[in-house]
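[1] Provided below are the primary sequence and the corresponding predicted coordinates.
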Amino acid sequence: MGVFESTCRPADIYSGELACREVLKVPEFKTLHEAFIFCEPNKSDLISDKALFALVAAKLANDKGSKEVVCSHLDQDGNGAVSFPEFVEWAEANHVKLPSGVGGGDVGMVFPPTWRGPRDDKKWNCRSKVTDEQVLQELQGLLDITYKNTFTRDRKKTGRTDVPKSFKLVRAEHSENYHDWRGYYLKRQLIERKVKSSSTFTKFRPITANAKGLCGARHRLRGYVNEWFLFHGTSAAAAESICNGDFTMRLAGSATGTMYGSGTYLAESVTKADEYAKEDKDGTCAMLVCRVIGGCVLYNEEVNPDANRLQELALSGGYHTVLGDREKVRGTFKEYVVFDADQIYVEYILFYRRQY
């Protein structure tokens, strides 16, 4: 096996230190997953060692420069770490001719059962109006099942202090985005591997799971790895922007706060998500219904959680999601926080009206 040798340790390469004590050997990799593992991902399956990646980048793709510049080519969602889907996309953009090494990563990728678009068009990105009455009924059922007549201070952001009595679905769009699905699929594959080998893995069941037809037969969510439907309240314009691109962790917490860290906040209750939805001129609001791969969940029931500690555990301590149980400690709602955009895939945009 050939090797690419550096006369310095990774940490020394960009520090200006010339007196190095060991030689780092970068092997010839057979798969991208091998190269990813060589970069020493942490317990949460994210690369944070920029200097080590810079060596691998130079080896695989002649991608050179400062470690910050090289790593900026990968970190698409801005969370400060690199997931395997981001690593694969970087490799493809740099014409690295290696298989992914993960089932379905190259051929045979399993699409959602509701997928109607082409399966070989990497640029496919489409929103289509939901016209099937059965699907519309199931989506309205999701709103009804997850409703709670509970007030929090964030309700004031809607311009009113009274909680709506219900939410009436006006229309819905189904979203398909090849790029985002592939990232989510690869991330789910790695998380499945992790939870299957974990003796401490715990399943959590959000109230959205009570919409059995939608979560079960129609979308086949994998509850055994904590795959859920969760809500994300937003504006119509932001909903389309997210579907066109992805969740950006650089902006995380700007609308919802950072009680559990600077991640993307999602809700199991339509009432909670509605607190962040923006009403349009015609009185309709927008909300996303997202697939979320929760994986190893860090459950928290503290009244005053340490946001920095929770975020660090989610990014490097072996967890994938923080579940803040404000329902238990404050009588309000559970909040789900994700720090890697590849763990979220938008299935629907819901347009609805608040019923007072």
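    Nice, thanks for sending it over. Bear in mind the structure is a predicted one, so any value in this text is a computation, not a measurement.

[2] mind exporting stretch 161-179 as CSV, just the C-alpha atoms?
    In CSV, the C-alpha atoms belonging to stretch 161-179 read as follows (Å, rounded to 0.1, in the frame of the first residue of the first chain):
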residue,chain,number,x,y,z
THR,A,161,-51.5,35.9,23.5
ASP,A,162,-54.4,33.5,23.1
VAL,A,163,-53.7,30.0,21.8
PRO,A,164,-55.7,29.0,18.6
LYS,A,165,-58.4,26.4,19.2
SER,A,166,-57.2,24.5,16.1
PHE,A,167,-55.3,24.7,12.9
LYS,A,168,-57.0,24.3,9.5
LEU,A,169,-54.9,23.0,6.6
VAL,A,170,-55.5,25.1,3.5
ARG,A,171,-53.1,23.4,1.1
ALA,A,172,-49.9,21.4,1.1
GLU,A,173,-46.8,21.0,-1.1
HIS,A,174,-44.7,17.8,-1.2
SER,A,175,-40.9,18.5,-1.5
GLU,A,176,-38.3,16.4,-3.3
ASN,A,177,-34.7,17.4,-3.3
TYR,A,178,-32.2,14.9,-4.6
HIS,A,179,-29.2,16.5,-3.0
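
[3] Now it: buried residues?
    By neighbour count with 16 or more other CB atoms under 10 Å, stretch 161-179 contains the buried residues 163-164, 166-167, 169, 172-178. All C-beta spots, glycine's among them, are computed from the backbone N, C-alpha and C.

[4] now these in TSV, with secondary structure and distance to residue 281?
    Output for these, formatted as TSV (DSSP: H, G, I helix; E, B strand; the rest coil; distance: CB to CB, whole Å):
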residue	secondary structure	distance to residue 281
163	coil	23
164	coil	18
166	strand	22
167	strand	18
169	strand	19
172	strand	20
173	strand	19
174	strand	24
175	strand	23
176	strand	28
177	strand	27
178	helix	33
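
[5] I'd say residue 354 and residue 275 touch.
    No: using CB atoms under 8 Å, residue 354 makes no contact with residue 275, being 11.0 Å away.

[6] Give the intersection of the neighbour lists for those two.
    residue 158 (CB atoms under 8 Å, 6 or more residues apart in numbering).

[7] which one among the buried residues of stretch 161-179 gets closest to residue 37?
    residue 178 (26.0 Å; CB to CB).

[8] what's that closest one in contact with, if anything?
    Counting by CB under 8 Å, 6+ apart, residue 178 has contacts 117, 121-125.

[9] make it 6 Å
    122, 124 (CB atoms under 6 Å, 6 or more residues apart in numbering).

[10] I'd like the distance from it to residue 271, if you could.
    33 Å (CB to CB, to the nearest Å).

[11] same thing with residue 145?
    Computed as CB to CB, the residue 145 to residue 271 distance reads 12 Å.

[12] Comparing the two, which residue is more hemmed in?
    Each of residue 145 and residue 271 has its neighbours counted (other CB atoms under 10 Å); residue 271 has more, 24 against 16.

[13] so who does the more buried one touch?
    With contact set as CB under 6 Å, 6+ apart, residue 271 has these partners: 147-148.

[14] Renumber starting at 189 from here on
    Let's use 189 as the start, then, which means that last one is residue 459.

[15] Secondary structure element for it, which one?
    Assessed by DSSP states H and E, residue 459 sits inside helix 458-462.

[16] How about residue 322?
    helix 321-333.

[17] now residue 536
    Residue-wise, residue 536 maps onto strand 532-543 under DSSP H and E.

[18] quick one: buried residues of that strand?
    532-542.

[19] try stretch 333-344
    333-335, 342-343.

[20] repeat for stretch 284-293
    284, 286, 288-290, 293.

[21] Widest-spaced pair of the residues you listed?
    Greatest spatial distance among the buried residues of stretch 284-293 (CB to CB): 284 and 290, at 14.8 Å.

[22] Now do the contacts for the closest residue to residue 531 other than its chain neighbours.
    Nearest-residue entry for residue 531: residue 481, 4.9 Å, with adjacent residues in sequence omitted and distances by CB to CB, 6 or more residues apart in numbering. For residue 481, the contact set (CB under 6 Å, 6+ apart) comprises 376, 379, 415, 531.

[23] Confirm residue 374 sits in a strand?
    No: using DSSP: H, G, I helix; E, B strand; the rest coil, the assignment for residue 374 is helix, not a strand.

[24] Now do the helices in the stretch 189-338 of the chain.
    Taking DSSP state H, counting those that start in this stretch, the helices of the stretch 189-338 of the chain run over residues 198-201, 220-226, 238-249, 255-260, 272-281, 321-333.

[25] separation between the closest residue to residue 273 other than its chain neighbours and residue 302?
    Counting by CB to CB, 6+ apart, residue 273 lies nearest to residue 371, which is 3.7 Å off, once chain neighbours are set aside. For residue 371, the distance to residue 302 equals 18 Å [CB to CB].

[26] who's more crowded, the two?
    Here residue 371 and residue 302 are compared on neighbour count by other CB under 10 Å; more neighbours surround residue 371, at 26 against 15.

[27] is it fair to say the more buried one lies in a helix?
    Yes: checked against three-state DSSP, residue 371 lies within a helix.

[28] Hmm, residue 530 and it touching each other?
    Yes: contact criterion CB atoms under 6 Å: residue 371 and residue 530 qualify, at 4.3 Å.

[29] Name the residues contacting each of these two.
    Counting by CB under 6 Å, 6+ apart, the residues touching both residue 371 and residue 530 are residue 273.

[30] That concludes my questions; thank you for your assistance.
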